[in-house]
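Undergrad: Structure, please.
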Amino acid sequence: MRLLTGLIAHGVRDIVLSPGSRSQALALAAVALARSGSVRVHVRIDERVAGFTAVGLGRGTGVPAALVCTSGTAAAGYLPAAMEAFHAGVPLILLTADRPPELRGVGANQATIQPGMYRPWARSSIDAPVPGEVEPAHFEALAAAAVAVALGAPGEGLDGVAGPVHLNLPTREPLSGPMPDPLRATLGSPLRLAPGEPLRIAGGPRTLVVAGADAGPDAERIARAGGWPLVAEVVSGSRFGTHLVPAYRERLREPALADRIERVIVFGHPTLSREVAVLLRRTDLEVIAVRRGGERLNLSGAAVDARAIDVDASAGVDPDSVADAEAWLAAWTRAEAPADGAGAGAGAGVDRLLDRAALVRAVWEATGSEDLLLFGSSRIVRVADQILEGKDVRVHANRGLAGIDGTIATGVGLALAGIGVTRVLLGDLSLLHDVGSLLLPGDEPAPRIQVVVGNDGGGTIFDGLEVAGTAVTEDLDRAFYTPQSVALAPLAAAYGWAYARAATPDELERALSAEVAGPQLIEVPLAR
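TA: Purely as a prediction, here's the structure:
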């Protein structure tokens, strides 16, 4: 109880719990605190779903959500979310109930090796004392430290970077007792770390600003301040402004431009194009990487690590260099006739079937300034990155590890943290991989979320990999495409989600503009 009230006192506003015996005291304290309005509690029966719901909440609020589970394999269910949070720099607190020390390693039921089980991906891992062996104030101090480290305070390395913190909590029987009613806690303000002195950079060299996942508006601000072109992935949250480079892949394949780059400033985690990966591996460039996730970005082996940067507009500037900088920017940002290699847009006619290009354009157009957009790791996000124009949209994606794990759960967490509509745009296999996240408790507020599924009946993302040109069709289908024919309408009905099928641009526009009072699933059939 003191642990949870301590977390709330330091800014934690959401607890995501999964039912279990060993964690019953934590669960009862959490729901008692929720009943008094001290915290929000979200119950999920699947720990993997719970973990990514907490990742979404952390993404949306900037404050760690606390996870609560019982001992054994339940704790292992958090591992994918902990890995993603580590690599993406998302604050997260994992509270795993455990057997007491005397029941470890002796064959006791539901006992495994939990202390340090997330250590490679945790900013701090603590095996707490058993309650009763220390003063209650110890757990309040433990809570304060956990929140601070999750937000970037010094921990087990990587200071200044947010990420997961693991508190393993052994308990002895009796496992729970009567709870004070009402049980209240006062929500405090989370720790705000001083940003530190930014790295000041001169405006002289021919510079390209690259924005990957979670870069945010800082990348656009720096590009504008330095007068430099901006390459911004669609998942960066930086894809707007007059310095944005259209069709950046094509530009990076032009030797007349790419060979003249002298410096690259990278924000976030670029993952969507091979052209950017090749650029960042070059050893003839100065690379400055602004670190946001749990490890530094250093593909060239000589990148400079920075937590923040600023532009010294007066350094290295003379009339000739000003003219050169203006020509440099103009060369990258010159307009071209649009060429969408992915098909016609949504306005091509009401009778025309939708393709991926029309789908991503329609969702992009429908998403407003108060809305949130989450891209799944599918073929669709790559189409979006190739063709979508600049727009100041709050975009998210689990690109820390670029997996399909927990996409819907992350979206639900974002929706619970947001004020507008949250849209999740993903493929059919990403949906089916996380289908358990459609199960939402009826006694919790319904999230305002639209899950938009581009359904092409399997994993056509593998079309772009070497295996598509080497494997025989039968093996390719069975091991990679994994064709599926799941009926999504009854699936949505089984979980209580509103459902719409949109096969034409008009149908999709109507579905996306419908009032969103609760969870909706929109299926968009696509050709293989």
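
Undergrad: dump the residue contacts of the closest residue to residue 172 other than its chain neighbours.
TA: Nearest residue to residue 172 in three dimensions, chain neighbours excluded: residue 100, at 4.9 Å (Cβ to Cβ, 6 or more residues apart in numbering). Heads up, the C-betas are built off the backbone N, CA and C, glycines and all. Residue 100 is in contact with 130, 170-172, counting by Cβ atoms under 8 Å, 6 or more residues apart in numbering.

Undergrad: And residue 492, by the same measure?
TA: 438, 498-499, 521.

Undergrad: how about TSV for the residues you listed, with pLDDT added?
TA: Putting the contacts of residue 492 into TSV (pLDDT from 0 to 100) gives the following:
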residue	pLDDT
438	98
498	98
499	98
521	98
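
Undergrad: and which of those residues is nearest residue 247?
TA: Proximity of the contacts of residue 492 to residue 247 (Cβ to Cβ) peaks at residue 521, which lies at 32.7 Å.

Undergrad: Strands along the stretch 151-300 of the chain, start to end?
TA: 164-170, 199-202, 207-211, 230-232, 263-267, 286-290 (DSSP state E, counting those that start in this stretch).

Undergrad: Any chance you could list what contacts stretch 504-522?
TA: Contacts with stretch 504-522, where a contact means Cβ under 8 Å, 6+ apart, come from 346-354, 358-359, 362-363, 366, 412, 421, 423, 438, 440, 446-453, 488, 491-492, 496-502, 524.

Undergrad: Give me the subset of those residues that lies in strands.
TA: Mapping the contacts of stretch 504-522 onto strands (DSSP state E) picks out 423, 449-453, 498-501, 524.

Undergrad: Now the buried members of the residues you listed.
TA: 423, 449-453, 498-500, 524 (16 or more other Cβ atoms under 10 Å).

Undergrad: For residue 71, see how far away residue 267 is.
TA: Separation of residue 267 from residue 71 (Cβ to Cβ, to the nearest Å) stands at 40 Å.

Undergrad: Same drill for those two, tell me which one is more crowded.
TA: Neighbour tally, residue 267 and residue 71, criterion other Cβ atoms under 10 Å: the higher count belongs to residue 267, 33 against 26.

Undergrad: State the distance from the residue nearest to residue 172 to residue 136.
TA: Relative to residue 136, and taking Cβ to Cβ, residue 100 is found at 18 Å.

Undergrad: Likewise for residue 230?
TA: Taken as Cβ to Cβ, the span from residue 230 to residue 136 is 52 Å.

Undergrad: The two - which one has more neighbours?
TA: residue 230 (32 against 12).

Undergrad: who are the neighbours in contact with the more buried one?
TA: If you count contacts by Cβ under 8 Å, 6+ apart, then residue 230 has 209, 211, 219-220, 223, 238, 241, 243-245 around it.

Undergrad: quick one on the thing from earlier: need the contacts of residue 100 in TSV with neighbour count and distance to residue 396, can you?
TA: Shown next, in TSV, are those (neighbours: other Cβ atoms under 10 Å; distance: Cβ to Cβ, whole Å):
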residue	neighbour count	distance to residue 396
130	14	39
170	23	35
171	21	36
172	14	41
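
Undergrad: May I ask which two of these are separated the most?
TA: 170 and 172 (7.7 Å).

Undergrad: Now the common contact residues for those two.
TA: Common neighbours of residue 170 and residue 172 (Cβ under 8 Å, 6+ apart) are 100, 130.

Undergrad: Quick check: which ranges of the stretch 351-500 of the chain have low pLDDT?
TA: Along the stretch 351-500 of the chain, segments meeting pLDDT under 70 span 351-352, 464-465.

Undergrad: Over to the chain?
TA: In the chain (pLDDT under 70), the answer is 157-158, 195, 313-322, 336-352, 464-465.

Undergrad: what sits against the residue positioned nearest the centre of it?
TA: Nearest to the geometric centre of the chain sits residue 398, at 3.6 Å (Cα atoms, centre = their mean). By Cβ under 8 Å, 6+ apart, the contact list for residue 398 reads 52, 55, 84, 88, 377, 405-407, 410.

Undergrad: From the residues you listed, pick the one nearest residue 272.
TA: For the contacts of residue 398, the nearest to residue 272 is residue 377 (9.7 Å; Cβ to Cβ).

Undergrad: For my notes, confirm the closest one occurs in a strand.
TA: No. The assignment for residue 377 by DSSP: H, G, I helix; E, B strand; the rest coil gives coil, which leaves it out of any strand.
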